[in-house]
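**Student:** Pasting the sequence and the predicted coordinates here, then a few questions.
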Amino acid sequence: MNKILRLIFISFLISYSLQNVSAANFQEGDSLKVEIETINPTTTINDGQIKLHTTGGTPPYRFKWSNKNTPLTASDASGLIEGLEYSVIISDSENISITKNITIEAESITENFNAVFEPVVQFMSKVLFWDPFAAIGIYDPIIYTDEELIKTPEWTATTDKIFLLKKKLVKDGTQVKKGDEIAIVSIDKKDADVVKAPEDGEIDFNVAEGDVIFSPNNTKDLIEQGAQYFASITFDEERPLLYPNGDIRKNSIPFIVVWLIIGAIFFTFRLGFINIRGFKHSIELARGKFSDPNAPGKVTHFQALATAVSATVGLGNIAGVAVAISIGGAGATFWMILAGFLGMSSKFVECTLGVKYREIKADGRIFGGPMNYLRHGLEKRNIKGLGKILAGVFAVLCVGASFGAGNMFQSNQSFQIMATQFAVLEGWGFWFGIGLAVLVGIVIIGGIESIAKVTEKVVPIMAAVYVAAALVIIGINIENIGPAFSAIYNGALNSSALKGGFIGVLIIGFQRAAFSNEAGVGSAAIAHSATKTHNAPSEGFVGLMEPFIDTVVVCTLTALVLIFTGMHEVPDVTGVNLTALAFGSVISWFPYVLAVAVFLFAFSTMISWSYYGMRGWTYLFGKTKKSELTYKITFLIFVVVGASVSLGAVLDFSDMMILAMSVPNMIGLYIMSSEVRKDLAHYFEKKKAGKLGQPDE
């Protein structure tokens, strides 16, 4: 009898469970109904759209998208990558949910290319931007905040209106609830707006009743970060910051940035602060002092410097700085300058080794750079196998970077910028690319001597125009210098969580500097290896000027223009468009000049990177003139391709290859740092004896 009862009871439980599962499945599958509409409006990449039409269940609905920039309340998502799968969890107020996986079909060739390379880019990002410190638990990467800042309604960074705190509706220190009316703000002495509490917490006003919150006529308001916030609400306990889709925001200390900065710090101390004590001598060398025109090599110190600078000074200084400032605020400027200062030491080491291990053929052609010193320098230390592997990996990365970031990205962006300012060019990308390829071809077919002759003229002119315009804007707004440097200092050391806090601002500054000056990447050593010199360290001294010119001078001037004009607070505008907006706010016609300057920057970067890539190519496929010509023709084809289409992830992939070059390069620099130190000591002995213009005995 007991057995029968137990069987009946078990059967009942099973039946009841199955009914509940069926009911749950019915609720999840049938209670909520979602119709999906995918839209691919153009052949341009990254403009896909998904629209959801939800019925059933109990509204309101919540949409948890895999795309971080799509809010939880949004049933539509835009700016999506065609060909990639996105997921969304739709739930109602009763927590009944449905998960949908959606792919917008890629149609054009560029969209399919973009979809193929995007996963590759994501993989490289995980490797290069992996955070070793968070992985081993040294710090908590989650960004926390204990307050919510309250902004004046209708405020924009370019506003010409005056905002006044007309009346406080609650006292300081009052505990308020989300939606409570807290203040009345007057805008340009017109109808006042009632501001409501965005969150629960304790209210704290930083402006007195009746005082001005923000005035475009007040220099401090224009420059000070966050001047538009008139109050804050303090939470009972810290909360993590969230992306629009509800994901928790995290800081990251990327492996690749740590790799470059720690190396730069190591070389700075290893060589006794050569970036400071060698600076004056580097200027003397660049001006031609101690030079021997009969020394082995093809170009002068200045020509090598101009070639290398032309490859680094460009969109990174104009667009990249704007990205850093818009994400990290004014404080990112401080860390960019520091990173540039430290990077001078890395450049010294790699340029010294580039000359020391160069190979000069009987016909005068020179082969140098990381491929040579990684292979032969490590072979000298009985680690030939490692040297060959590192040199080969570097060469492959260098060729890939030259086709992408050093070529297609430059031609693509130069066309986009020129077409934006000169509407007549719109739709003529292919022919623009043909013309640009012809100009580039005329220069690069002639080799390093031809490249050097062009860069030594173009680089100083375009740099002078850009620097002069920046100084004019700074001069016009010179009264802003105090608030500007105050904003940089406070932003660097006392950054709010909204900008990622101290770590977030530090990393974005270091990261943009690393992208910009390429110190430790090894690319500049290729150009410097062609220098006429008897002493390898002499080119190290000349090379250390590049991060100073690129980051400490040009990047800083761009940052100061953005801060002095108050454009660093403009939301949803970044890159070269933000820089153009800053210049145009003072010199209305300068965006046209800036467009031409960017074109010249891109042009000079392409011709320099063609030389870098060709040296990687000949290392892999043979040091023959036929091999060189094959590379040059291929390079010119990619100029046209870059100007004609949008390649999105392909260009991001190529950009990452530049950073990846630093991995094999820095390993070699660490191993050979003691050798460079000995060579430096010998160099100073020759200098003291007055024999720098003479070959070693």
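**Tutor:** Great, that's in hand.
**Student:** okay, CA-based contacts and neighbour counts for the rest of this
**Tutor:** OK.
**Student:** Can you classify the residue nearest to Met567 when sequence neighbours are not counted as helix, strand or coil?
**Tutor:** The shortest distance from Met567 to any residue other than its chain neighbours is 5.7 Å, reached at Ala582 (Cα to Cα, 6 or more residues apart in numbering). State at Ala582, reduced to three classes by DSSP: H, G, I helix; E, B strand; the rest coil: helix.
**Student:** Asn69 too?
**Tutor:** The assignment at Asn69 comes out as coil when based on three-state DSSP.
**Student:** Which pLDDT value goes with the closest residue to it other than its chain neighbours?
**Tutor:** Distance criterion Cα to Cα, 6+ apart; nearest residue to Asn69, sequence neighbours excluded, is Pro244 at 5.4 Å. Listed pLDDT for Pro244 reads 88.
**Student:** on that earlier part again, which ones are touching the residue nearest to Met567?
**Tutor:** For Ala582, the contacting residues are Val561, Leu562, Thr565, Gly566, Met567, by Cα atoms under 8 Å, 6 or more residues apart in numbering.
**Student:** pLDDT score for it?
**Tutor:** Looking at Ala582, its pLDDT reads 78.
**Student:** and what of the one 5 residues further on?
**Tutor:** In this model, Ile587 is scored at 75, pLDDT.
**Student:** what residue lies at the spatial centre of this structure?
**Tutor:** Geometric centre of the chain, nearest residue: Arg512, 4.9 Å, by Cα atoms, centre = their mean.
**Student:** Would you check that it makes contact with Ala322?
**Tutor:** No: using Cα atoms under 8 Å, Arg512 is not in contact with Ala322, being 9.7 Å away.
**Student:** quick one: low-confidence ranges for the stretch 151-300 of the chain?
**Tutor:** Applying pLDDT under 70 to the stretch 151-300 of the chain flags residues 191, 225, 292, 297.
**Student:** As a check, name the ranges of all strands in it.
**Tutor:** Counting by DSSP state E, counting those that start in this stretch, the stretch 151-300 of the chain has strands at residues 163-168, 175-176, 181-187, 192-196, 201-205, 212-214, 229-240.
**Student:** Would you mind giving those as TSV with distance to Phe255 added?
**Tutor:** TSV is the format used below for those (distance: least, Cα to Cα, whole Å):
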stretch	distance to Phe255
strand 163-168	44
strand 175-176	43
strand 181-187	45
strand 192-196	43
strand 201-205	38
strand 212-214	41
strand 229-240	24
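**Student:** Of all these, which one is nearest Gly475?
**Tutor:** Closest approach to Gly475 among those (Cα to Cα): strand 212-214, 23.7 Å.
**Student:** Run me through the strand neighbours of that closest one, direction for each.
**Tutor:** strand 163-168 (antiparallel) (DSSP bridges).
**Student:** looking at it, the residue nearest to Asn69 is touching Ala74, isn't it?
**Tutor:** No: the pair Pro244 / Ala74 is not scored as a contact, 9.6 Å apart, by Cα under 8 Å.
**Student:** need the next SSE after the helix or strand encompassing Phe432, C-terminal direction.
**Tutor:** Per DSSP states H and E, Phe432 falls inside helix 429-444. Later in the chain than helix 429-444, the nearest helix or strand by DSSP H and E is helix 448-476.
**Student:** can you map out the helices along the stretch 301-450 of the chain?
**Tutor:** 301-312, 315, 321-328, 332-356, 370-379, 384-403, 409-421, 429-444, 448-476 (DSSP state H, counting those that start in this stretch).
**Student:** For the stretch 351-500 of the chain, which residues score under the pLDDT cut-off?
**Tutor:** Looking at the stretch 351-500 of the chain by pLDDT under 70, you get 446-453, 455-456, 494-500.
**Student:** In contact with Tyr373, which residues?
**Tutor:** By Cα under 8 Å, 6+ apart, the contact list for Tyr373 reads Leu353, Gly354, Lys356, Tyr357, Arg358, Gly668.
**Student:** quick one: it and Ser345, what's the gap?
**Tutor:** Distance, Tyr373 to Ser345, by Cα to Cα, to the nearest Å: 17 Å.
**Student:** coming back round to it: which stretch among the helices of the stretch 301-450 of the chain comes nearest Asn206?
**Tutor:** Once these are compared by Cα to Cα, helix 321-328 is nearest, at 23.0 Å.
**Student:** now the angle from the closest one to helix 332-356?
**Tutor:** Here helix 321-328 runs at an angle of 140 degrees relative to helix 332-356 (axes from the mean of the first three to the mean of the last three Cα atoms, to 10 degrees).
**Student:** I'd like the average pLDDT over helix 321-328.
**Tutor:** Helix 321-328 comes out with an average pLDDT of 72.
**Student:** counting contacts, what elements does that helix pack onto?
**Tutor:** helix 332-356, helix 501-517, helix 556-564, helix 575-584 (3 or more Cα pairs under 8 Å, 6 or more residues apart in numbering; DSSP states H and E).
**Student:** Could you identify which of these is most buried?
**Tutor:** helix 332-356 (a mean of 29; mean count of other Cα atoms under 10 Å).
**Student:** returning to what we had before: show me the contacts for the residue nearest to Asn69.
**Tutor:** Per Cα under 8 Å, 6+ apart, neighbours of Pro244: Lys68, Asn69, Thr70, Pro71, Leu72.
**Student:** Thank you kindly, that will do.
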